[in-house]
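[1] take this sequence and fold it.
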Amino acid sequence: MPVVEVPPLPPSPVRLMAARRPVPTFHAPAVSSRLLLNGAREVEIVHGDQVYRLRHTRNDKLILVK
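    Residues are numbered from 1 along each chain as shown. Got it, this is the predicted structure:
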């Protein structure tokens, strides 16, 4: 009996719907903390009617407080 190669069937619509789709990547703009602080240890950031303080600590961490 001769061997006949049969091409594989395409995936079913159910499998296509269940397949994981790649999550779109979002690239937020990057701002250097050195540029933002401009040599200061603390800056105030005004957002709407709120004022936030961004502080650079002695342990080289950033803290944002309202």
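
[2] torsion angles phi and psi at residue 34?
    phi -60, psi -40 (degrees, to the nearest 10).

[3] and the gap between it and residue 8?
    Distance, residue 34 to residue 8, using Cβ to Cβ, to the nearest Å: 56 Å. C-beta coordinates here come from the backbone N, C-alpha and C atoms, glycine included.

[4] more neighbours: the two, which one.
    Shown here are residue 34 and residue 8; by other Cβ atoms under 10 Å, residue 34 has more neighbours (9 against 5).

[5] lowest-scoring secondary structure element of this protein by mean pLDDT?
    Across the helices and strands of the chain, the lowest-confidence element by mean pLDDT, DSSP states H and E is helix 13-18, at a mean of 75.

[6] could you dump that one to CSV, C-alpha only?
    The C-alpha coordinates for helix 13-18 follow below in CSV (Å, rounded to 0.1, in the frame of the first residue of the first chain):
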residue,chain,number,x,y,z
PRO,A,13,-11.4,28.6,15.3
VAL,A,14,-11.9,27.5,18.9
ARG,A,15,-8.1,26.9,19.2
LEU,A,16,-7.3,30.1,17.5
MET,A,17,-9.6,32.0,20.0
ALA,A,18,-8.1,30.2,23.0
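
[7] contacts for it?
    Outside helix 13-18, not one residue touches it by Cβ atoms under 8 Å, 6 or more residues apart in numbering.

[8] then stretch 35-45?
    Defining contact as Cβ under 8 Å, 6+ apart, one finds that stretch 35-45 is touched by 51, 52, 53, 54, 55, 56, 64.
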